[in-house]
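S.K.: here is a sequence together with a model predicted from it:
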2 protein chains.
Amino acid sequence: MTTISDVARLAEVSVATVSRYLNESGYVGAKSRQSIETAIKELNYVPSEVARSLSTKQSDIIGLIIPDIKNPFFPELARAVEDTAFEYGYTVILCNSDENPTKEKHYLQKLTKKYVAGIILTTILEQESHWKDVKLPIVALDRPIDSDVPTVTTNNQKGAKLATDFLIACGATNLLCISGPEAFVSSQSRVEGFQTASRKKNITTHIIESAYDFDIAEKIIYDYLKNNPSVDGIFACSDASAIGALKAAHRLGIRVPEDMQIVGFDGIQVGNVVTPSLTTVAQNIYQLGQTAAKLLIKQIEGQKLTNESICIDPELIIRETTRKERFE
Amino acid sequence: MTTISDVARLAEVSVATVSRYLNESGYVGAKSRQSIETAIKELNYVPSEVARSLSTKQSDIIGLIIPDIKNPFFPELARAVEDTAFEYGYTVILCNSDENPTKEKHYLQKLTKKYVAGIILTTILEQESHWKDVKLPIVALDRPIDSDVPTVTTNNQKGAKLATDFLIACGATNLLCISGPEAFVSSQSRVEGFQTASRKKNITTHIIESAYDFDIAEKIIYDYLKNNPSVDGIFACSDASAIGALKAAHRLGIRVPEDMQIVGFDGIQVGNVVTPSLTTVAQNIYQLGQTAAKLLIKQIEGQKLTNESICIDPELIIRETTRKERFE
């Protein structure tokens, strides 16, 4: 007897997609729809009740837990997750954890108990392991949580090295690194990249910490630069901090990039809007979200993951807060 | 016999809140929790199975349909909706419609068929009435859709009038208004406010249209200012267009605010980050989202709405793209 799996195989789509088509229970792209219809005709397939109910038993909701959608990094990430989910017939529940363990636990429990097929989690809570109780497919995004959990991150160390090498190539010799909060694994990797790149190069280095927030960073950097006027290059572990640095420099009458150069990290839209526009290590934010959603859906639909952890290369975007590179 | 309604009445919370408490099925604030516990003791209430299942029958998901979470206006709005939902024990499904009628319809159908208790809709699709088939509670946010549907908007006309009056008071006599796309009711109201304020004041006015997008606006305004160098004041119907105007002026060597003043509309965070920082009509974005979520939850929980349409006043925030007001 012909089964739904035969249809899926011939149509070169997943069983879940055929099921969505049969049940009209979710979006099926025009191309897949046509392949399925052709396959059904060719195989003379008559759907059984069991096949018809396959998808209705299973949830088609994905839970996305992020710290705060207002942080300019996350809208694009959320958008990529939702676009990908939409393409595969899933919808997305958005949860803001505020990096608050209680809120994060509440959402994990609620999503798990009730209605989701899988969870994408962006968390800083390394020490915690409450997600271990989650019996659903799970993907860690942006910040790794455990070697057992499939993870999608940016190659943070490589990106930081790119930025630092570039500042040095552009003539900076007294570098200030603005790290993120200590708990952020991604920030730790960026600081390591900074240290690797600046070591043995006759460069003076300083490291200070700031939240990824325009105003907080501006204040911290203003105070630091006031007491350390010889700093001529800043590598900030986030664009928010880099823009804070730009405002601090502006207030102190330090010209950017003439007196001091700045490179950020993230690639958020606002970096292109400030004056001078920000040189930055751009994460491929959309690809991060898309890859995480695909990894999760693969797990939900019972496919084997061949590559459990994906590290995406960032790219240096040269704008106006750095000088011309010196080719020595 | 004591009922769940008696407990709710004595505790001064909704029946749904008591139900959530009894079923441990959602968040109940500390204060409500205490009131409920006191009421249960006072009334010697023993929950019946019917009462216990009240909430489990009902969905606690809210659907939020917006054009695009990447548009800087929407993260804060989505955040406010989610915060409020969380407070009342609901979670939020996020859907980006891209102002695309097919995608919007798909989401409306999908959400309605499957699992949501109500929908918050931000749409420009006035002509369409596919939401009329939705048999669930619905609230229109930011853009009204129908007099029957409870609506939460900003007082756009008043805001535009504030901005235009202020530009004139600061000495501008040749005003360019950058409207949004024609289909946006909110943009129409802002243009009306601009016209009302500039009429009979011996002011030259121009109106051009632009998408609410930094880059598109910059290009359109650059071309327009090149051919109309006597413009000395811009009222932009969005901060995105206002920032595009700022970049266009910068490229043309027009000094802001000395040669030309700019006032935006929205109050997004990036307006405070650009140099010079943007004078703008700030919508109370958080209050918009919060109010819409509360209106929706009231409907879901069967409460009567006393005020079906709520119009929230915006506020003029004076920063650096305008000169000092002349007191004539």
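M.R.: Looks like it came in fine. Numbering: from 1, shown residues only, chains lettered A, B, ... in the order given.
S.K.: what comes up buried for whatever helix or strand residue A:243 lives in?
M.R.: Here residue A:243 sits within helix A:239-252, counting by DSSP states H and E. For helix A:239-252, burial by neighbour count (16 or more other C-beta atoms under 10 Å in any protein chain shown) applies to A:239, A:240, A:241, A:242, A:243, A:244, A:245, A:246, A:247, A:248, A:249, A:250. For the C-beta atoms, the positions are set from N, CA and C on the backbone; glycine is no exception.
S.K.: stretch A:279-295 too?
M.R.: For stretch A:279-295, a neighbour-count test (16+ other C-beta under 10 Å) marks A:279-286, A:288-295 as buried.
S.K.: return the subset of those lying in helices.
M.R.: Using DSSP state H, the subset of these located in helices is A:285, A:286, A:288, A:289, A:290, A:291, A:292, A:293, A:294, A:295.
S.K.: the second one is in contact with residue A:81, isn't it?
M.R.: So that's residue A:286. No: using C-beta atoms under 8 Å, residue A:286 is not in contact with residue A:81; the gap is 9.8 Å.
S.K.: residues touching the residue nearest to residue A:324 when sequence neighbours are not counted, list them.
M.R.: Nearest residue to residue A:324 in three dimensions, chain neighbours excluded: residue A:170, at 7.0 Å (C-beta to C-beta, 6 or more residues apart in numbering or on different chains). Taking C-beta atoms under 8 Å, 6 or more residues apart in numbering or on different chains, we find residue A:170 in contact with A:233, A:257, A:261, A:322, A:323, A:324, A:325, A:326.
S.K.: contact residues of chain A facing chain B?
M.R.: Counting by C-beta under 8 Å from any C-beta of the partner chain, the residues of chain A close to chain B are A:26-27, A:60-61, A:68-70, A:72, A:74-76, A:78-79, A:82-83, A:86, A:91-96, A:103, A:106-107, A:110-111, A:114-115, A:214, A:243, A:247, A:250, A:269-270, A:272-275.
S.K.: only whichever of those are buried, select them in ChimeraX.
M.R.: Listed next is the ChimeraX selection for buried residues among the residues of chain A next to chain B, using 16+ other C-beta under 10 Å:
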select /A:26,27,60,61,69,70,72,74,75,76,78,79,82,83,86,91,92,93,94,95,96,103,106,107,110,111,114,115,214,243,247,250,269,270,272,273,274,275
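S.K.: please flag which of the residues of chain A next to chain B sit within helices.
M.R.: Per DSSP H, the residues of chain A next to chain B map to helices at A:74-76, A:78-79, A:82-83, A:86, A:103, A:106-107, A:110-111, A:114, A:214, A:243, A:247, A:250.
S.K.: kindly reformat the ones in helices among the buried residues of stretch A:279-295 as a markdown table containing distance to residue A:192 and pLDDT.
M.R.: As requested, these are exported to a markdown table (distance: C-beta to C-beta, whole Å; pLDDT from 0 to 100):
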| residue | distance to residue A:192 | pLDDT |
| --- | --- | --- |
| A:285 | 22 | 93 |
| A:286 | 26 | 93 |
| A:288 | 20 | 96 |
| A:289 | 25 | 96 |
| A:290 | 27 | 96 |
| A:291 | 23 | 95 |
| A:292 | 23 | 96 |
| A:293 | 29 | 96 |
| A:294 | 29 | 94 |
| A:295 | 26 | 94 |
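S.K.: walk me through the domains of chain A.
M.R.: In the assignment given by automatic domain parsing, the structural domains of chain A cover A:4-57, A:61-154+A:285-313, A:156-283.
S.K.: quick check: which element contains residue A:217?
M.R.: Per DSSP H and E: helix A:214-227 holds residue A:217.
S.K.: list of residues touching that helix?
M.R.: In contact with helix A:214-227 (C-beta under 8 Å, 6+ apart) are residues A:176, A:178, A:206, A:208-211, A:231, A:234, A:236, A:240-241, A:243-245, A:247-249, A:251-252, A:254, B:269, B:272-273.
S.K.: can we see that at 7 Å?
M.R.: A:178, A:208, A:210, A:231, A:240-241, A:243-245, A:247-249, A:251-252, A:254, B:273 (C-beta atoms under 7 Å, 6 or more residues apart in numbering or on different chains).
S.K.: any low-confidence regions in chain A?
M.R.: For chain A, the stretches with pLDDT under 70 are A:1, A:24-25, A:46-58, A:114, A:124-131, A:306-307, A:327-328.
S.K.: which parts of it are strands?
M.R.: When assigned using DSSP state E, the strands of chain A occupy the ranges A:61-66, A:91-96, A:118-121, A:138-141, A:151-154, A:174-179, A:204-209, A:233-236, A:261-266, A:279-282, A:309-312, A:315-317.
S.K.: got those strands as JSON lines, with distance to residue A:224 columns?
M.R.: Converted to JSON lines, the strands of chain A look like this (distance: least, C-beta to C-beta, whole Å):
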{"stretch": "strand A:61-66", "distance to residue A:224": "30"}
{"stretch": "strand A:91-96", "distance to residue A:224": "31"}
{"stretch": "strand A:118-121", "distance to residue A:224": "34"}
{"stretch": "strand A:138-141", "distance to residue A:224": "32"}
{"stretch": "strand A:151-154", "distance to residue A:224": "26"}
{"stretch": "strand A:174-179", "distance to residue A:224": "7"}
{"stretch": "strand A:204-209", "distance to residue A:224": "6"}
{"stretch": "strand A:233-236", "distance to residue A:224": "10"}
{"stretch": "strand A:261-266", "distance to residue A:224": "13"}
{"stretch": "strand A:279-282", "distance to residue A:224": "20"}
{"stretch": "strand A:309-312", "distance to residue A:224": "32"}
{"stretch": "strand A:315-317", "distance to residue A:224": "25"}
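S.K.: just these: most buried one?
M.R.: strand A:233-236 (a mean of 30; mean count of other C-beta atoms under 10 Å in any protein chain shown).
S.K.: tell me which strands and helices it is in contact with?
M.R.: Applying 3 or more C-beta pairs under 7 Å, 6 or more residues apart in numbering or on different chains; DSSP states H and E, one finds that strand A:233-236 contacts helix A:156-169, strand A:174-179, helix A:239-252, strand A:261-266.
S.K.: list the pairing partners of that strand within its sheet, with orientation.
M.R.: Here strand A:233-236 is paired, per DSSP bridges, with strand A:174-179 (parallel), strand A:261-266 (parallel).
S.K.: got those as TSV, with distance to residue B:2 columns?
M.R.: Converted to TSV, the strands paired with strand A:233-236 look like this (distance: least, C-beta to C-beta, whole Å):
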stretch	distance to residue B:2
strand A:174-179	58
strand A:261-266	56
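S.K.: ok, back up a step: out of the contacts of helix A:214-227, what pair is the most spread apart?
M.R.: Within these, A:231 and B:273 form the most distant pair, 21.6 Å apart (C-beta to C-beta).
S.K.: nearest residue to residue A:59 in space, please, no chain neighbours.
M.R.: In space, residue A:59 is closest to residue A:117, 4.3 Å off (C-beta to C-beta, 6+ apart).
S.K.: how about the nearest residue to residue A:238, chain neighbours excluded?
M.R.: residue A:212 (4.2 Å).
S.K.: for the one you found, what are its contacts?
M.R.: Going by C-beta under 7 Å, 6+ apart, the list of residues near residue A:212 reads A:71, A:180, A:238, A:240, A:241.
S.K.: mind doing that once more with 6 Å?
M.R.: For residue A:212, the contacting residues are A:180, A:238, A:240, by C-beta atoms under 6 Å, 6 or more residues apart in numbering or on different chains.
S.K.: looking at these, which is nearest chain B?
M.R.: Nearest to chain B out of these is residue A:240 (C-beta to the nearest C-beta; 9.3 Å).
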